[in-house]
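K.L.:
quick check, what structure comes out for this input:
(one chain, ligands or ions: 1)
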Amino acid sequence: MRYVLVILLFLLVSCQSNEVTSKTIDMYNADGDMVGTAELLEQPDGVQVKIKLEGLEPGFHGAHVHEFPKCDAPDFESAGNHFDPEGNEHGLMHPEGAHLGDLPNVEADDGGLVDAELMLAGATLTDGKNSILTGEGTSLIITDGQDDGVSQPGGDSGARIICGEIKSGDQGESTESPTDPTELNEEQEE
Ligand SMILES: [Zn+2]
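P.N.:
Residues are numbered from 1 along each chain as shown. Got it, this is the predicted structure:
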């Protein structure tokens, strides 16, 4: 009987782990150098984005998810516009905003380091039109200037300086459900 229970538990865990729950992407500057990573974590109300970067100008920089998983240096225009499946206006402070891909600004310290935890509200890593892994995927771009939150079409945030491709079916995906009960509890407290 005990063995049957173990097998049932195993099946249950297997069934729950069919969808992507996290993904880590590499971030590159216009010279093609890897300058950091972004960790994407599925949450009940969106996708948490943990960004770690180096070599930026100190101060605030815009951060946006763009519509194509294509980071062609040096201008990264290949990534297209901000990811916007709802057809909204740009800007987290715009009354008719925001694009789904609009994130708060990140701040680089005096040493040019960014260590930020942001929330991409309403987005998901799983299925549906709000999935940032929809189709071939999307990308995450950091801009030279800061996003003012209202200007069209991109918050007047300047040149695209760092880009990372968020590709579907790529390496760096984790589909494992947490099995440690303390991990589960920590997630629920957030
Ligand atoms: Zn936008």
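K.L.:
could you use CA atoms for every contact and neighbour count after this?
P.N.:
Noted.
K.L.:
run a quick neighbour tally on the spatially closest residue to Glu54 that is not a sequence neighbour.
P.N.:
The shortest distance from Glu54 to any residue other than its chain neighbours is 4.5 Å, reached at Leu113 (CA to CA, 6 or more residues apart in numbering). As a burial measure, Leu113 scores 19 neighbours (other CA atoms under 10 Å).
K.L.:
what's the answer for Lys52, then?
P.N.:
By other CA under 10 Å, the residues close to Lys52 number 18.
K.L.:
show me what it is bridged to.
P.N.:
When bridges are called by DSSP bridges, Lys52 pairs up with Thr37, Asp115.
K.L.:
quick one: pLDDT of it?
P.N.:
Predicted confidence (pLDDT) for Lys52: 98.
K.L.:
also Thr134?
P.N.:
pLDDT recorded at Thr134 is 89.
K.L.:
ok, Glu42 to the ion distance?
P.N.:
Going from Glu42 to the ion by CA to the ion, to the nearest Å gives 21 Å.
K.L.:
can you tell me the SS state at that residue?
P.N.:
Assigned by DSSP: H, G, I helix; E, B strand; the rest coil, the conformation of Glu42 is strand.
K.L.:
good, wrapping up.
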